[in-house]
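Engineer: Need coordinates for the below:
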Amino acid sequence: MSGVTRAQHNASGSSPDGAGLPPVPSIPLSDFEAAPGEQSIGGLVREATTHLSTLIRSELELAKTELGAEVKKGVKGSVYFILALAVLAFSLFFLFFTLGELLSVWLPRWGGFGIVFVLMLVTAGLFGFLGYRRVRTIRGPKRTIETLKDTSQLIPRRGGGAEEQQQQSA
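Structural biologist: The predicted structure is shown next:
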C-alpha cells in the first residue's frame, strides 16, 4: 500500500467506510534509502517537516472530500423539500377555492371569495411584517470586526516611519 492510505484502500472496495472517495496521498512511515545513523539532524528535521506537511495536506484533502460528498447529499435532499413546498404552494389554490365555495353556501358567491381574498391579504401582510422584523434585527459581525482591528494593530505596517512604529509599540 505504498503512497495510499488505509482509508483509500478500503474505498476501493474492501470496506464500505470510504466508498466513493478519491485516492488520498500518504507519507511513508520509514525511509528505506538511508540508514538511521547516516542522516544529519538537519536532514531529519527537513524530512520530518516534509512528512508533517504531507500529512496535514492529506488530512485536509480527505476532510474536503468527505465534506463535499456530504454537501452533495444535502443538496440532493433539499431538492425534494423544495419540490414538496412547490406542490404545497400550488395546492393552497384549491384550499382557498374550496373555502370560497364553502362560504358561498351562506353568502353570495362573490362575498365568500371576497372574504377568502381578504384573509389571504391579511395573512400575507402578517408574514411580511414578521419577515421585516426578523430582517431588521440582522447585525454585522461585531466580534469579528473587533478581532480584525486588534490583529491589524499587531501586524507592523510596511514603509512606516520610526514615529509610526513607536506609536504602535506604546
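
Engineer: how many neighbours does F81 have?
Structural biologist: Counted with other Cβ atoms under 10 Å, the burial measure for F81 works out to 9 neighbours. C-beta here means a position set from N, CA and C on the backbone, and glycine is covered the same way.

Engineer: and if you look at G100?
Structural biologist: Using other Cβ under 10 Å, G100 has 20 neighbouring residues.

Engineer: helices or strands next to whatever helix or strand it lives in in the packing?
Structural biologist: Of the helices and strands defined by DSSP states H and E, G100 is found in helix 41-103. Using 3 or more Cβ pairs under 8 Å, 6 or more residues apart in numbering; DSSP states H and E as the contact test, the elements touching helix 41-103 are helix 109-136.

Engineer: Try it again at 10 Å.
Structural biologist: Contacts of helix 41-103 with other secondary structure elements, assessed using 3 or more Cβ pairs under 10 Å, 6 or more residues apart in numbering; DSSP states H and E, are made with helix 6-9, helix 109-136.

Engineer: What's the mean pLDDT across the first one?
Structural biologist: Translated: helix 6-9. Rounded to a whole number, the mean pLDDT of helix 6-9 is 46.

Engineer: what about this structure, any weak spots by pLDDT?
Structural biologist: 1-37, 151, 154-170 (pLDDT under 70).

Engineer: same thing but 50
Structural biologist: 1-16, 32 (pLDDT under 50).

Engineer: Now do the helix holding G100 against helix 109-136: the angle between them, please.
Structural biologist: Taking axes from the mean of the first three to the mean of the last three Cα atoms, to 10 degrees, one finds that helix 41-103 is oriented at 160 degrees with respect to helix 109-136.

Engineer: how close does the closest residue in space to L102 that isn't next to it in sequence get to S91?
Structural biologist: Excluding the flanking residues, the one nearest L102 by Cβ to Cβ, 6 or more residues apart in numbering is G112, at 7.2 Å. In this structure, G112 and S91 are 20 Å apart, going by Cβ to Cβ, to the nearest Å.

Engineer: rewinding a little: out of the helices and strands packed on helix 41-103, which comes closest to S53?
Structural biologist: Smallest distance to S53 across the helices and strands packed on helix 41-103 (Cβ to Cβ): 18.7 Å, for helix 6-9.

Engineer: picking that back up, tell me which of G112 and S91 has more neighbours.
Structural biologist: A count of neighbours by other Cβ under 10 Å puts G112 above the other of G112 and S91, at 18 against 9.
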